[in-house]
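Novice: have a look at this prediction, sequence included:
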Amino acid sequence: MTSTTDVIDAVVPLAPDQPTWTLRRQREKVLAATQGSYDAMFSPAVEGISVTERLLVALHACRVSKADSLAAHYRDRLLAEGADAAAVASVDAGKPVADARLQAMLAFTGKLIERPIEGDKAAVQSLAASGLSTPAIVAMSQLIAFLSYQIRVAAGLKALAALEVSA
Amino acid sequence: MEAWLDTVNVDTATPEQLAALDEMSPQARTSPYFLVLAHQPEILLQRSIAFNAIMFAPGGMPRAERELGATVESRVNGCVYCASVHAQRFEQLARRNDVISQVFEEPEGAGTTEREKAIVEFSIRLGAEPDKVTADDMRKLKDVGLGELEILDLIHSVAIFAWANRLMLNLGEPVFPEAEASDVS
């Protein structure tokens, strides 16, 4: 059993004395791969898109999805990374950012989070046009798709934990 | 699937890329979709572990019902390809397709039993409005007999398809019929 807490536990939040915390450990592999995915998504080893850009994409995705505690998590990480305060504030307020490349990434993020059916060749190619390599586009697409997973896992667990309390 | 981005060439792939593909499925080395994802092998590896653990782990929610949750999420997101592949999986496991026909027609209200209706309703809700999910939704699932591990499996199944649909809709377009219906998820 994994006794340490991970990002999901931190944002729901879940503590080791809660039944929902223990329940998660019944799916140990899922838990480990969820955290492993998170680590891979924000790894400095991924080239062509900076960790700060990825964290801004995450903040935007969480804001659009109204996932407040996850948004706070990514905001804290951005501040810890020393990200440009103006860019963080703009993303946090849902306003356009000055940097054209970042703005293209954020627009792509919003569309894929809210209306995935509208994903098309032109949208992907617009990222390539703003200077992203194929591996960077794959990393970013995986990141946005992972965020929609992370948001739902956290939301479901939060509801389960709330039932515990009210039961 | 026809990929919109360059695929990794299997003949020149790194051991890390091949390991990530093989973790996903025996067919992944021949799928353009997974060969695009192989550009980021560590991400693909972790996602493959999560995907297979969620959909295939023993115990908990019956596999057919996990496929139902996956199909509903895919239908709601408009991912025709994922919906058709996982509808087939449901049919293979459950040996019937009544609820799937209903989901394809109109997800809202679909289900042949109270339990199925509750699973479908929750899958729509978690997929479309995760911020609105509450303890009441959990109570409804418990009221029709779902145990906590089953509920966790359902949350994971819907969530992993929120992930899969967005990748699939974003990185290429399906080639019908059954071009590589083998294992594209």
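Specialist: In hand now; what should we look at?
Novice: could you list the low-pLDDT ranges of the chain?
Specialist: Since no chain was named, I'll use chain A. A:1-3, A:167 (pLDDT under 70).
Novice: to clarify, I was referring to chain B.
Specialist: For chain B, the ranges with pLDDT under 70 are B:1, B:173-185.
Novice: packing partners for the helix or strand harbouring B:Gly127?
Specialist: Assigned by DSSP states H and E, B:Gly127 belongs to helix B:114-128. Helix B:114-128 sits against helix A:134-166, helix B:63-77, helix B:98-105, helix B:135-143, helix B:148-171, with contacts defined as 3 or more C-beta pairs under 8 Å, 6 or more residues apart in numbering or on different chains; DSSP states H and E. From N, CA and C alone the C-beta is placed, and that goes for glycine too.
Novice: so how far is it from its chain's centroid?
Specialist: Its chain's C-alpha centre and that of helix B:114-128 lie 15 Å apart, by C-alpha atoms, centre = their mean, to the nearest Å.
Novice: okay, the angle between that helix and helix B:135-143?
Specialist: On the basis of axes from the mean of the first three to the mean of the last three C-alpha atoms, to 10 degrees, helix B:114-128 is oriented at 150 degrees to helix B:135-143.
Novice: could you dump the helices and strands packed on helix B:114-128 into JSON lines with distance to A:Val88 added?
Specialist: Listed next are these as JSON lines, based on distance: least, C-beta to C-beta, whole Å:
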{"stretch": "helix A:134-166", "distance to A:Val88": "17"}
{"stretch": "helix B:63-77", "distance to A:Val88": "29"}
{"stretch": "helix B:98-105", "distance to A:Val88": "41"}
{"stretch": "helix B:135-143", "distance to A:Val88": "33"}
{"stretch": "helix B:148-171", "distance to A:Val88": "24"}
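Novice: dump these to TSV, plus distance to A:Thr34 and mean neighbour count.
Specialist: Output for the helices and strands packed on helix B:114-128, formatted as TSV (distance: least, C-beta to C-beta, whole Å; neighbours: other C-beta atoms under 10 Å in any protein chain shown):
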stretch	distance to A:Thr34	mean neighbour count
helix A:134-166	7	23
helix B:63-77	16	26
helix B:98-105	27	18
helix B:135-143	20	17
helix B:148-171	9	26
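Novice: so for B:His39, which of these sits nearest?
Specialist: Checking these against B:His39 by C-beta to C-beta gives helix A:134-166 as the closest, at 4.2 Å.
Novice: picking that back up, pull the CA atoms of the helix holding B:Gly127 into CSV?
Specialist: Output of helix B:114-128 as CSV, limited to C-alpha atoms (Å, rounded to 0.1, in the frame of the first residue of the first chain):
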residue,chain,number,x,y,z
GLU,B,114,-32.1,1.0,-12.6
ARG,B,115,-28.5,0.2,-12.0
GLU,B,116,-27.6,0.9,-15.7
LYS,B,117,-29.6,4.1,-15.7
ALA,B,118,-27.7,5.3,-12.7
ILE,B,119,-24.3,4.4,-14.3
VAL,B,120,-25.2,6.2,-17.5
GLU,B,121,-26.6,9.3,-15.7
PHE,B,122,-23.5,9.6,-13.5
SER,B,123,-21.2,9.1,-16.5
ILE,B,124,-22.8,11.9,-18.4
ARG,B,125,-22.6,14.2,-15.4
LEU,B,126,-19.0,13.5,-14.5
GLY,B,127,-18.1,13.8,-18.2
ALA,B,128,-19.9,17.1,-18.9
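Novice: tell me the angle it makes with helix B:63-77.
Specialist: Here the directions of helix B:114-128 and helix B:63-77 differ by 40 degrees (the same axes, to 10 degrees).
Novice: show residues contacting helix B:114-128.
Specialist: A:152, A:155-156, B:65, B:68-69, B:72-73, B:76-77, B:99, B:103, B:107-111, B:132-133, B:137, B:140-141, B:143-146, B:154-155, B:158-159, B:161-162 (C-beta atoms under 8 Å, 6 or more residues apart in numbering or on different chains).
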